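Trainee: Here is my input, please return the structure:
(one chain, ligands or ions: 1)
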Amino acid sequence: MNRIFSGVQPTGNLHLGNYLGAIRNWVGLQAEYDCIYCIVDLHAITVWQNPAELRAQTREVAAAFLAAGIDGRKHIIFNQSRVPGHAQLAWICNCVARLGWLNRMTQFKEKAGKDRENASVGLYAYPNLMAADILLYKATHVPVGEDQKQHLELARDIAQKFNADFGVELFPLPEPLIFGPATRVMSLRDGTKKMSKSDASDYSRINMTDDADAVALKIRKAKTDPQPLPGPECLGPDGKVAPEAMAARPEAFNLLGIYAALADKDLNTVIGEFAGKEFSVFKQVLTDLAVATLGKIGGEMKRLMADPAEIDAILKDGAERARAKSAPILAEVEEAVGFLRV
Ligand code: TYM
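Mentor: So this is what the prediction gives:
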């Protein structure tokens, strides 16, 4: 059976982008794949995390996975630091990846900003740890949002170079699964910026734990433009929204994409449905749908977080099974590298 690995950082403020771009897609993949879903706390500490908050946020991400519909008993949910193989294989990946490859990573440039000298070494090596996460289980498919595409290409390069350097066919080349109408959810305040956990403005994102009033307020305040909603004239000859149309009205298409994803419809159907309507009408429908969907998940998250014992038991069991699954693969890697395993 093909195997899935994917992860979310426990860095606070899980938002609609994380849900629609990743977690929601993961739920549907459980029927067809053997799934491993990880809360990547080792990745989180590449930038400063308050220790008490890190623990709480780790449980919160686990609660989000469970509340969204991931089966933590049939599949695996665990936090990365509980399986030492991630850090062990990451070191080997550090020695396979080339500096030139990492220098091309746009996410490092964005996150390190102007003060690059002061960024942690972990932040720079972040994509190597991500490659290790995937390769440690010989995962074949990795469902993520659009922003992780470059990191996945690097994971494939590392897998390929490892196999070539050591003359083995050990790692499969992991395939990205980037699908659905919301692979890149944008900020509600600026349709050219990605919705992100770290945006200073809470109005830029809808958090998975926002209550109905907060969701309604954020959608009401979401930036739009003065024209009515676009219709099928915005589609190019390939049937997709023409790039010029998208660039001219990023906020409108972002909200339409969010609606399509929440309603489980394709974007063109939604464009047809709301063509020529006023934003005020559309925003009300969007609010109702967002509240109905997120309300259920947020409520279940709060229930789970009120009794962390249930979450902790699932994480503990998941980590045990993840260690068992990864141990023979790590042994194979060590054999290939030439470590004396006495
Ligand atoms: P993270 O925690 O930033 O995001 C978790 C998932 O959410 C997706 N995502 C979005 N999708 C659509 N629109 C957005 N605005 C948006 N923001 C975030 C991300 O693409 C991701 O799928 N490096 C990863 C975590 C990771 C990982 C891995 C993923 C660590 N190891 C191995 C896959 C495989 C990250 O920072 O995700």
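
Trainee: could I have stretch 13-31 exported to PDB, CA atoms only?
Mentor: Written as PDB, here are the backbone C-alpha positions of stretch 13-31 (Å, rounded to 0.1, in the frame of the first residue of the first chain):
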ATOM      1  CA  ASN A  13      -2.900  29.900  15.200                       C
ATOM      2  CA  LEU A  14      -3.800  27.000  13.000                       C
ATOM      3  CA  HIS A  15      -5.800  28.600  10.300                       C
ATOM      4  CA  LEU A  16      -8.100  28.100   7.300                       C
ATOM      5  CA  GLY A  17      -5.100  27.700   5.000                       C
ATOM      6  CA  ASN A  18      -3.700  24.800   7.100                       C
ATOM      7  CA  TYR A  19      -7.200  23.300   7.100                       C
ATOM      8  CA  LEU A  20      -8.100  23.700   3.400                       C
ATOM      9  CA  GLY A  21      -4.600  23.400   1.900                       C
ATOM     10  CA  ALA A  22      -3.600  20.300   4.000                       C
ATOM     11  CA  ILE A  23      -5.600  18.800   6.900                       C
ATOM     12  CA  ARG A  24      -8.900  18.500   5.100                       C
ATOM     13  CA  ASN A  25      -7.300  16.800   2.200                       C
ATOM     14  CA  TRP A  26      -5.600  14.300   4.500                       C
ATOM     15  CA  VAL A  27      -8.900  13.100   5.800                       C
ATOM     16  CA  GLY A  28     -10.000  11.900   2.400                       C
ATOM     17  CA  LEU A  29      -6.700  10.100   1.800                       C
ATOM     18  CA  GLN A  30      -7.200   7.700   4.700                       C
ATOM     19  CA  ALA A  31      -9.300   5.300   2.700                       C
END
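
Trainee: tell me how far that stretch is from the chain's mean position?
Mentor: 7 Å (CA atoms, centre = their mean, to the nearest Å).

Trainee: What residues of that stretch count as buried?
Mentor: 13-26, 29-30 (16 or more other CB atoms under 10 Å). (Each C-beta comes from the backbone N, C-alpha and C, glycine too.)

Trainee: tell me which of these is nearest to Ala324?
Mentor: Set against Ala324, the nearest of these by CB to CB is Gln30 (19.6 Å).

Trainee: State the distance from that closest one to Gly257.
Mentor: If you measure Gln30 against Gly257 using CB to CB, to the nearest Å, the figure is 24 Å.

Trainee: go on, Pro228?
Mentor: From Pro228 to Gly257 the distance is 18 Å (CB to CB).

Trainee: If you count surrounding residues, which of those two has more?
Mentor: Gly257 (23 against 15; other CB atoms under 10 Å).

Trainee: What helix or strand is the more buried one located in?
Mentor: Here Gly257 sits within helix 250-263, counting by DSSP states H and E.

Trainee: quick check, that helix touching the ligand?
Mentor: No: shown here: helix 250-263 not in contact with the ligand (CB under 6 Å from any ligand atom), separated by at least 9.4 Å.

Trainee: Can you check what angle separates the very next helix or strand once past that helix from helix 250-263?
Mentor: Remark: after helix 250-263, the chain's next helix or strand is helix 267-274, criterion DSSP H and E. Put simply, helix 267-274 runs at 100 degrees to helix 250-263, going by axes from the mean of the first three to the mean of the last three CA atoms, to 10 degrees.

Trainee: Just the residues contacting helix 267-274, thanks.
Mentor: Residues outside helix 267-274 that contact it (CB atoms under 8 Å, 6 or more residues apart in numbering) are 181, 229-232, 234-235, 239, 241, 256-257, 259-260, 263, 282.

Trainee: Tell me the one among these nearest to Ala214.
Mentor: Using CB to CB, those come closest to Ala214 at Tyr259, 18.2 Å.

Trainee: Helix or strand: which one has the nearest residue to that closest one once chain neighbours are set aside?
Mentor: Distance criterion CB to CB, 6 or more residues apart in numbering; nearest residue to Tyr259, sequence neighbours excluded, is Leu286 at 5.1 Å. Leu286 is part of helix 279-306, with elements assigned from DSSP H and E.

Trainee: hmm, back to that, are any of the contacts of helix 267-274 buried, and which?
Mentor: Looks like the contacts of helix 267-274 have Pro181, Leu229, Pro230, Cys234, Leu235, Val241, Leu256, Gly257, Tyr259, Ala260, Ala263, Phe282 buried, using 16+ other CB under 10 Å.
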